[in-house]
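Q: 3D, please:
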Amino acid sequence: MIAPDTLLRIAPWSRHLKPEEVEVASAGVVERSFAANEHIFLRGDQFDYWTGIVTGLARMSTVSRGGKATTFAGMSAGAWFGEGSVLKNEPRRYDVVALRATRAALMERPTFMWLFENSVGFNRFLVTQLNERLGQFIGLVEVGRTLDATARLARSIASLFNPILYPNTTRHLEITQEEIGALSGLSRQNANQCLKTLEREGLLRVEYGGVTVLDLDRLRCYGD
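A: Below is the predicted model of the structure:
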């Protein structure tokens, strides 16, 4: 378990709970560290935890039987994910791997279900979260089918600025070009070229150890 004040710090959704609900929630959460390239869970795992990223960066993806890899989303600090699988009590349909040293918060399923059945604030958050995630995945289908590499990379970066899914993100992302490529389905070399294009167009600034977004609105619609 973790302390209630720790939960309030690492889980923005918990600030909408009643004090007694925060106590229940914090008692059902543990923290665990994952090394870079270590899987948090694999497709097919019966992973009975709702998961939040405390620090670090993770990638949600899958590989088809033919070997084609598809990245669904990146998860940065403040992101919580996997509520669908927890609600349905089913094996995971995707892999989640830490792209760098990452610390995650794991809420056990009984605690999640207690909140689902008893907390109005938690349910309001879940409805909003599921709606935003659906919109993200619909956008992913469009991006993957219709846009070139630079546009895919631009949209991948912009997706990390969803205030519901990633509430702790600032305009400066501490992210490497290799990590950006991994989230966009591109090699580091291709990601570097795409970043240079976006920098020339004034949408972002590439810096040592990260990227600063200068025009988020244009990133979000890049390629339209």
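Q: all contacts plus neighbour counts: C-alpha atoms, from now on.
A: Fine.
Q: what residue is smack in the middle of this structure?
A: Note on the chain: the residue nearest the mean C-alpha position is Met75, at 2.1 Å, using C-alpha atoms, centre = their mean.
Q: OK, contacts around that one?
A: 53, 57-60, 160, 166 (C-alpha atoms under 8 Å, 6 or more residues apart in numbering).
Q: most neighbours, which of those residues?
A: Using other C-alpha atoms under 10 Å as the neighbour test, the contacts of Met75 are led by Ala58, with 30 neighbours.
Q: low-confidence ranges in this protein?
A: Counting by pLDDT under 70, the chain contains low-confidence ranges at 141-146.
Q: where do the strands sit along it?
A: 29-34, 39-41, 49-55, 57-63, 69-76, 80-81, 95-98, 102-108, 172-173, 204-207, 210-213 (DSSP state E).
Q: Could you pick out the longest helix of this structure?
A: Counting by DSSP state H, the longest helix found in the chain is helix 120-146.
Q: what packs against that one?
A: The contact analysis (3 or more C-alpha pairs under 8 Å, 6 or more residues apart in numbering; DSSP states H and E) places helix 120-146 against helix 109-118, helix 149-159.
Q: now with 7 Å?
A: Applying 3 or more C-alpha pairs under 7 Å, 6 or more residues apart in numbering; DSSP states H and E, one finds that helix 120-146 makes contact with helix 109-118.
Q: Can you give me the buried ones in the helix it packs on?
A: Within helix 109-118, the residues that count as buried by 16 or more other C-alpha atoms under 10 Å are 109, 111-112, 115-116.
Q: With stretch 216-224 instead?
A: The neighbour-count check on stretch 216-224 (16+ other C-alpha under 10 Å) flags 216, 219-220, 222-223 as buried.
Q: Give me the distance between that stretch and the centre of its chain.
A: What separates the centre of stretch 216-224 from the centre of its chain is 20 Å, taken as C-alpha atoms, centre = their mean, to the nearest Å.
Q: Next, the distance between the ends of that stretch.
A: Across its full length, stretch 216-224 reaches 14 Å between end residues, using C-alpha to C-alpha, to the nearest Å.
Q: now swap in stretch 95-103 and tell me
A: Chord length of stretch 95-103, first to last residue, is 17 Å (C-alpha to C-alpha).
Q: Show residues contacting that stretch.
A: Here stretch 95-103 makes contact (C-alpha atoms under 7 Å, 6 or more residues apart in numbering) with 31-43, 53-62, 179.
Q: Just the buried ones from these?
A: 33-34, 38, 40-42, 53-62, 179.
Q: before we move on, the earlier item: so what's the residue nearest to the centre of the chain bridging to?
A: With DSSP bridges as the criterion, Met75 is bridged to Ala58.
Q: before we move on, the earlier item: nearest to Gly135, out of the strands of the chain?
A: In terms of C-alpha to C-alpha, the element of these nearest to Gly135 is strand 69-76, at 11.9 Å.
Q: Dig out what Thr212 forms beta bridges with.
A: Taking DSSP bridges, one obtains His172, Arg205 as the residues bridged to Thr212.
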